[in-house]
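Enquirer: Next come a sequence and a model predicted from it.
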Amino acid sequence: MTNIALSVNDIPIRLTSERWRHIVENHDDMAGYYYDVLEAVANPTWVLEGDEDELWAIKLVSKRKAFLVIYKESKELNEGFIITAFITTKIRKLLKRRIIWQQPQQ
């Protein structure tokens with residue numbers, strides 16, 4: 001089972017079965033949030049500069065909680081993949097990183 005979300009750069013980002021197993025084995029609170037992980041990539045609140053060419057998609061769940069999805073994308077190959085994902089409350093700390101994209105204000 002592989003599903004794809006289009007990133008804010010219109011790059012297809014894969015979430016493979018192997019990566020999903022890795023996510024839920026390391027973060028059991030993520031079980032049941034498969035489609036939320038894809039949604040965080042497709043419709044994030046922010047995209048931050050990660051480490052080593054990663055992108056970090058943050059999707060707010062509440063004022064104090066967010067999904068953080070770490071992924072890579074290649075514009076040359078027009079594809080990418082999710083590395084990991086988890087729920088975090090350290091939103092303020094994350095936003096000290098360089099913001100690459102943010103959702104327009106309503």
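Expert: Ah, there it is. Numbers count the residues shown, from 1 in each chain.

Enquirer: Give me the most central residue, the chain.
Expert: What sits nearest the mean C-alpha location of the chain, by C-alpha atoms, centre = their mean, is Val69, with 2.4 Å.

Enquirer: What segments of the chain are helices?
Expert: Taking DSSP state H to define them, one finds helices in the chain at 17-26, 34-42, 91-94.

Enquirer: quick one, which of those helices is nearest to Pro104?
Expert: Evaluated over those, closeness to Pro104 peaks at helix 34-42, with 15.2 Å, by C-beta to C-beta. Placement of C-beta: from N, CA and C, glycine included.

Enquirer: What angle do helix 17-26 and that closest one make with each other?
Expert: 110 degrees (axes from the mean of the first three to the mean of the last three C-alpha atoms, to 10 degrees).

Enquirer: so what does helix 34-42 touch, helix or strand wise?
Expert: For helix 34-42, the contact count by 3 or more C-beta pairs under 8 Å, 6 or more residues apart in numbering; DSSP states H and E identifies strand 3-6, strand 12-15, strand 55-60, strand 66-74, strand 79-88 as packing neighbours.

Enquirer: Show me the one of the helices of the chain that comes nearest Leu77.
Expert: Of the helices of the chain, nearest to Leu77 by C-beta to C-beta is helix 34-42, at 16.6 Å.

Enquirer: can you list contacts of that closest one?
Expert: Helix 34-42 is contacted from outside by 3-7, 13, 15, 20, 23, 30, 57-59, 67-69, 71, 82, 85, using C-beta atoms under 8 Å, 6 or more residues apart in numbering.

Enquirer: Now list the buried members of these.
Expert: Among those, those buried by neighbour count (16 or more other C-beta atoms under 10 Å) are 4-5, 7, 13, 15, 20, 23, 30, 57-59, 67-69, 71, 82, 85.

Enquirer: any idea how far Asn3 is from Ile23?
Expert: From Ile23 across to Asn3, the span is 13 Å (C-beta to C-beta, to the nearest Å).

Enquirer: Export the helices and strands packed on helix 34-42 as JSON lines, with columns for distance to Trp46 and mean pLDDT.
Expert: JSON lines is the format used below for the helices and strands packed on helix 34-42 (distance: least, C-beta to C-beta, whole Å; pLDDT from 0 to 100):
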{"stretch": "strand 3-6", "distance to Trp46": "16", "mean pLDDT": "97"}
{"stretch": "strand 12-15", "distance to Trp46": "16", "mean pLDDT": "98"}
{"stretch": "strand 55-60", "distance to Trp46": "5", "mean pLDDT": "98"}
{"stretch": "strand 66-74", "distance to Trp46": "9", "mean pLDDT": "98"}
{"stretch": "strand 79-88", "distance to Trp46": "12", "mean pLDDT": "98"}
